[in-house]
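> Structure for this input, please:
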Amino acid sequence: MKESTSNKSLAIFLIILVAIGVAGYFYTTRDRSSDQLLVGVPVNTTAIGSDLLKALGQLNTIRLDVKIFEDKVFMSLNDIGTKLTPQTPGRPNPFAPINTSAIVSPAATTTSN
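Model (predicted):
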């Protein structure tokens with residue numbers, strides 16, 4: 001009985017040792033060119049920054065002709081939005097436990113002289 005448990009322990013130890021060896025092999029032979037992306041370092045920050053600055057510069061030159069708002073077609077537009085009805089507010093503290101009432105502190109009052 002003792003011999004079978006020692007054989008099992010030896011087999012488990014060897015399997016773990018082989019697994020560590022295989023993991024070490026794959027770790028040491030992996031492609032390291034993608035490591036830069038894993039750390040979060042941008043590859044080409046100067047091109048991205050200059051494109052952003054160009055786009056912001058173009059946005060500053062945009063001018064809107066206000067005569068559009070005086071046009072008959074614009075004036076004939078109708079608002080088809082839905083009006084929202086006011087709703088009753090919920091609990092004063094939505095994060096308070098449900099089985100207890102939330103304590104509401106009175107608002108500070110100011111008096112004028």
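> Can you find the helix or strand in this protein with the smallest mean pLDDT?
helix 35-39 (a mean of 53; mean pLDDT, DSSP states H and E).
> Just after that helix, pick out the following helix or strand.
Going down the chain from helix 35-39, the next helix or strand is helix 45-60, by DSSP states H and E.
> Mind checking the pLDDT average for that next one?
In this model, helix 45-60 has an average pLDDT of 78.
> buried stuff in that helix?
Residues of helix 45-60 classed as buried by neighbour count (16 or more other CB atoms under 10 Å): none. Heads up, the C-betas are built off the backbone N, CA and C, glycines and all.
> then that helix to CSV, C-alphas only?
Extracted C-alpha coordinates of helix 45-60, given in CSV (Å, rounded to 0.1, in the frame of the first residue of the first chain):
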residue,chain,number,x,y,z
THR,A,45,2.7,58.6,-31.3
THR,A,46,4.1,61.4,-33.4
ALA,A,47,1.9,60.6,-36.4
ILE,A,48,-1.2,60.2,-34.2
GLY,A,49,-0.5,63.5,-32.4
SER,A,50,0.1,65.4,-35.6
ASP,A,51,-3.1,64.1,-37.2
LEU,A,52,-5.0,65.1,-34.1
LEU,A,53,-3.5,68.6,-34.1
LYS,A,54,-4.4,69.0,-37.8
ALA,A,55,-8.0,68.0,-37.2
LEU,A,56,-8.3,70.4,-34.4
GLY,A,57,-6.8,73.2,-36.5
GLN,A,58,-9.4,72.5,-39.2
LEU,A,59,-12.2,72.6,-36.7
ASN,A,60,-11.2,76.1,-35.6
